[in-house]
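Trainee: Output the structure for:
(chains A and B)
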Amino acid sequence: MFELSKVEHRYGATRVLSVPHWRAEAGDAWLLAGPSGSGKSTLLHVLAGLTVATAGRVVVAGQDLRALAPGARDRWRGRTVGVVPQRLHLVGAVSVADNLRLACTFAGLPVDEARVRALLEALQVADLAGRRPGALSQGQAQRVAIARAVVNRPALVLADEPTANLDDAHAAAALELLRTQALEAGATLVVASHDARVKPLLPRTYTLPAHAAEAA
Amino acid sequence: MGPTRLALAYARRRPLATVLVIALAALGTAIVVLTLAVSRELEERLTRDSAGIDLVVGAKGSPLQLVLAGVFHVDVPPGNIPLAAVDELRAHPMIAQAIPLALGDSFRGFRIVGTEPALIAHYGGRLALGATWTKPMEAVLGSQVARATGLRPGAQFTGSHGLSESGGEHGDAPYTVVGIAAPTGTVLDRMVLTSVESVWAVHDAHHPPQAQEDDHDHAGRAGPAREVTMVLVRYVGPLAAASLPRELNESTNYVAASPAYETARLLTVFGIGLDLVRAFALLLVAASALMLFVALAQALDERRYDLAILRALGAHRLQVAWVLVAESVTLALAGAALGWVLAQGAMVVAGTWLPAAAPLARAAWTLRAVDAWIAAGAAAAGILAALWPAWQAYRLDVAATLADA
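Mentor: This is a model prediction of the structure:
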């Protein structure tokens, strides 16, 4: 589904990411592990086409990301990748349902109202559809963020530290939701986490070495 | 849920700033629209009232005063000229028409004008009721006079001295209303029309004429030295404008004033005042744009994550920049639209309460070409206010913002 080879990213002379090779098949669910500072978030941004790696080859869903112009990369990302950021970042000015609709519109896709409704129901936040995100609990907000990530049926779902700030039961539930929703959308799932509780919940693990960040 | 609806949602999220921006823009726009309407109506009225009058010939004095008194009827005339001047002017080959005016008295603030029926035709008027005067002390009321006083043909009234309502009454010389003129939208509507002889008669009753000085040059005519206040003159053709005013000013004891020229001078003076008001209004609009800029710049700080997540969801750089521009332009246009509505309302209110402003009320609720320019100006101000925040949004480093948890 995606394949990275000899990928490196640097800020100036500092290397912040190094991935010799990583290949994932469609429908896989991966844990992206590694200590803080090993470049997990950077690697998610590279997979999402938000960051263009300094070196190496990144092919996601058959697309070589380096070959895409910035505008085309935005459009590609909207239709191919679903992102659940660590701080969720629901848009506070609009309702829960509108947060999902934003994801459709800004990806250049028509709003599939049936899909929006079905997702909110499946994630048990349908009765909150008209509320502002500010009124939600952490768990509810996370479910909305997951719904937003999968509403366009992306091929790849990326989640950054989804279990941070959650107790054991909620952490397991969040992971379970990500897996079932990615599966339902037919998407490959990558969860970046340094949380030891996550490893047993995902079938595959790719670990970034701790010493990635070093001056070259 | 596109960029524009999102922009509106953001505007609703901070009602105070939104209301302030709209209110300032509305106030500024309202004043601009109002001053434009006032100067337009003023110019139209001055043009309408002075249409067809090429020259006003009267006693020595200020030409502007002569025009104000004889064409717009808002000032006292400088003095009188002999009746003989009317015939002199009529005999001139370059003059097509000369209508005498005898002024001096008023009725409830409306000026009594001693003249000839030709004056009604000159303003394009006709009689709505009754007939024109045939003998002294008969009067025709302009439409506004009739409405304000409620007098009908057959009613009697007396004039008072001067233009104010408090002048001494000529109680011993009553006029009889014989006709009422249809509305013309000109100064005629505010006139009480009668014959020149009536004005003389009222005047004679108070100040008996002294006949002695008249006898030597008007053999065969017994009676006092008759005078009129001024004469409205129409040229035979445009060529007369080049020579006639100078000829009259140099070779006679009269002043010949051109309403077109004096009106232009007057409008220049008014224009400065209106320009000042307008400059103040533009200051309000600028303050509104500045507020908009500050509000957006502040909002940008809070919305950095929102904009970053929109980019992560697939939004183009231009789309997130547009969210800010759309909000700014929408608020600016809303302010301009509200200001336009306020101005139209003010015009209707002013026109209802002040008879002199009635044309403003009639001109209200009409979209004009200038309104398109106002809308364009508002949109431009909105874009200008959003330019810097939108540029910041355009350049937003999405990865760094999302990682900055």
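Trainee: Skipping adjacent residues, who's closest to residue A:176 in space?
Mentor: Excluding the flanking residues, the one nearest residue A:176 by C-beta to C-beta, 6 or more residues apart in numbering or on different chains is residue A:201, at 7.6 Å. For every residue, glycine as well, the C-beta is placed using N, CA and C.
Trainee: how many other residues sit next to that neighbour?
Mentor: Per other C-beta atoms under 10 Å in any protein chain shown, the neighbour tally for residue A:201 reads 19.
Trainee: got a list of what it touches?
Mentor: A:172, A:175, A:176, A:179 (C-beta atoms under 8 Å, 6 or more residues apart in numbering or on different chains).
Trainee: Among the residues you listed, name the buried ones.
Mentor: Among these, the ones that count as buried by 16 or more other C-beta atoms under 10 Å in any protein chain shown are A:172, A:175, A:179.
Trainee: Does the last one lie in a helix or a strand, and which?
Mentor: Right, residue A:179. helix A:168-185 (DSSP states H and E).
Trainee: pLDDT on that helix, on average?
Mentor: Averaged across helix A:168-185, the pLDDT comes to 89.
Trainee: Flag every buried residue along it.
Mentor: Buried residues in helix A:168-185 (16+ other C-beta under 10 Å): A:171, A:172, A:173, A:174, A:175, A:177, A:178, A:179, A:181, A:182, A:185.
Trainee: Grab the nearest non-local neighbour of the second one.
Mentor: Read that as residue A:172. residue A:201 (6.5 Å).
Trainee: need the residues of chain A near chain B, please.
Mentor: Proximity of chain A to chain B, by C-beta under 8 Å from any C-beta of the partner chain, involves residues A:41-42, A:45, A:48, A:50-51, A:70-71, A:74-75, A:77-79, A:83, A:85-87, A:89, A:91-94, A:98, A:101-108, A:111, A:148, A:160.
Trainee: Quick check: nearest residue in space to whatever residue of the stretch 151-300 of chain B ends up closest to chain A, chain neighbours excluded?
Mentor: Proximity of the stretch 151-300 of chain B to chain A (C-beta to the nearest C-beta) peaks at residue B:299, 9.7 Å away. Nearest residue to residue B:299 in three dimensions, chain neighbours excluded: residue B:10, at 6.6 Å (C-beta to C-beta, 6+ apart).
Trainee: would you list every one of the helices in the stretch 151-300 of chain B?
Mentor: B:196-206, B:240-251, B:259-312 (DSSP state H, counting those that start in this stretch).
Trainee: which of these has the lowest average pLDDT?
Mentor: helix B:196-206 (a mean of 82).
Trainee: Go ahead and name everything in contact with that helix.
Mentor: B:83, B:100, B:102-105, B:112, B:114-116, B:133, B:136-139, B:159, B:170, B:172-173, B:175, B:224, B:226, B:228.
Trainee: Show me which of those are buried.
Mentor: For those, buried by 16+ other C-beta under 10 Å: B:83, B:100, B:102-105, B:112, B:114-116, B:133, B:136-139, B:159, B:170, B:173, B:175, B:224, B:226, B:228.
Trainee: circling back: output the buried residues of helix A:168-185 in a markdown table, with distance to residue B:250 appended to each entry.
Mentor: Below are these laid out as a markdown table (distance: C-beta to C-beta, whole Å):
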| residue | distance to residue B:250 |
| --- | --- |
| A:171 | 106 |
| A:172 | 109 |
| A:173 | 105 |
| A:174 | 102 |
| A:175 | 106 |
| A:177 | 102 |
| A:178 | 101 |
| A:179 | 106 |
| A:181 | 100 |
| A:182 | 101 |
| A:185 | 98 |
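Trainee: and which of those residues is nearest residue A:196?
Mentor: Ranked by distance to residue A:196 (C-beta to C-beta), those are led by residue A:171 at 10.5 Å.
Trainee: now the closest one: how far from residue B:396?
Mentor: 31 Å (C-beta to C-beta, to the nearest Å).
Trainee: And what about the residue in the stretch 251-400 of chain B positioned nearest to chain A, helix, strand or coil?
Mentor: Scanning the stretch 251-400 of chain B for proximity to chain A using C-beta to the nearest C-beta identifies residue B:314 as nearest, at 1.7 Å. What DSSP: H, G, I helix; E, B strand; the rest coil gives for residue B:314 is coil.
Trainee: okay, the closest residue to it other than its chain neighbours: pLDDT?
Mentor: Once flanking residues are discounted, residue B:314 sits nearest to residue A:78: 1.7 Å by C-beta to C-beta, 6+ apart. Note for residue A:78: predicted pLDDT of 93.
Trainee: Compute the inter-axis angle for the helix or strand where residue A:78 lies and helix B:259-312.
Mentor: Secondary structure from DSSP H and E places residue A:78 in helix A:70-80. For helix A:70-80 against helix B:259-312, the angle by axes from the mean of the first three to the mean of the last three C-alpha atoms, to 10 degrees is 50 degrees.
Trainee: Describe which strands the helix or strand that helix A:70-80 is followed by pairs with in its sheet and in which direction.
Mentor: Following helix A:70-80 in sequence order, the next helix or strand is strand A:81-84 (DSSP H and E). Sheet pairing here is set by DSSP bridges, and for strand A:81-84 it gives strand A:156-160 (parallel).
Trainee: For the partner strand, which outside residues touch it?
Mentor: Residues contacting strand A:156-160 (C-beta under 8 Å, 6+ apart): A:1-2, A:40-41, A:44, A:47-48, A:60-61, A:80-86, A:146, A:149-150, A:178, A:181-182, A:185, A:187-192, B:402.
Trainee: Show the buried residues in those.
Mentor: Counted by 16+ other C-beta under 10 Å, the contacts of strand A:156-160 give A:1-2, A:40-41, A:44, A:47-48, A:60-61, A:80-86, A:146, A:149-150, A:178, A:181-182, A:185, A:187-192, B:402 as buried.
Trainee: Ignoring the adjacent residues along the chain, who's closest to the residue sitting nearest the centre point of chain A?
Mentor: Nearest to the mean C-alpha position of chain A, by C-alpha atoms, centre = their mean, lies residue A:158 at 1.7 Å. The shortest distance from residue A:158 to any non-neighbouring residue, by C-beta to C-beta, 6+ apart, is to residue A:44 (4.8 Å).
Trainee: And the pLDDT for residue B:171?
Mentor: At residue B:171, pLDDT is 68.
Trainee: Report the separation between residue B:68 and residue B:257.
Mentor: Counting by C-beta to C-beta, the gap from residue B:68 to residue B:257 is 10 Å.
Trainee: These two: which is more packed in?
Mentor: Neighbours were counted for residue B:68 and for residue B:257 using other C-beta under 10 Å; residue B:257 has more, 27 against 21.
Trainee: Now do the contacts for the nearest residue to the more buried one once chain neighbours are set aside.
Mentor: Using C-beta to C-beta, 6+ apart and skipping the chain neighbours, the partner closest in space to residue B:257 is residue B:63 (3.4 Å). The neighbours of residue B:63, taking C-beta under 8 Å, 6+ apart as the test, are B:255, B:256, B:257, B:258, B:262.
Trainee: The first one contacts residue B:57, doesn't it?
Mentor: Yes. In this structure residue B:255 lies within contact range of residue B:57 using C-beta atoms under 8 Å: 7.2 Å.
Trainee: who's more crowded, those two?
Mentor: Taking other C-beta under 10 Å, residue B:255 and residue B:57 do not tie; residue B:57 has more neighbours (28 against 23).
Trainee: So the more buried one, which state does it fall into?
Mentor: strand.
Trainee: Buried subset of the residues of chain A next to chain B, written for PyMOL?
Mentor: Filtering the residues of chain A next to chain B down to the buried ones (16+ other C-beta under 10 Å) takes a single PyMOL command:
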select buried, chain A and resi 41+42+45+48+50+51+74+75+77+78+83+85+86+87+89+91+92+93+94+98+101+102+103+104+105+106+107+111+148+160
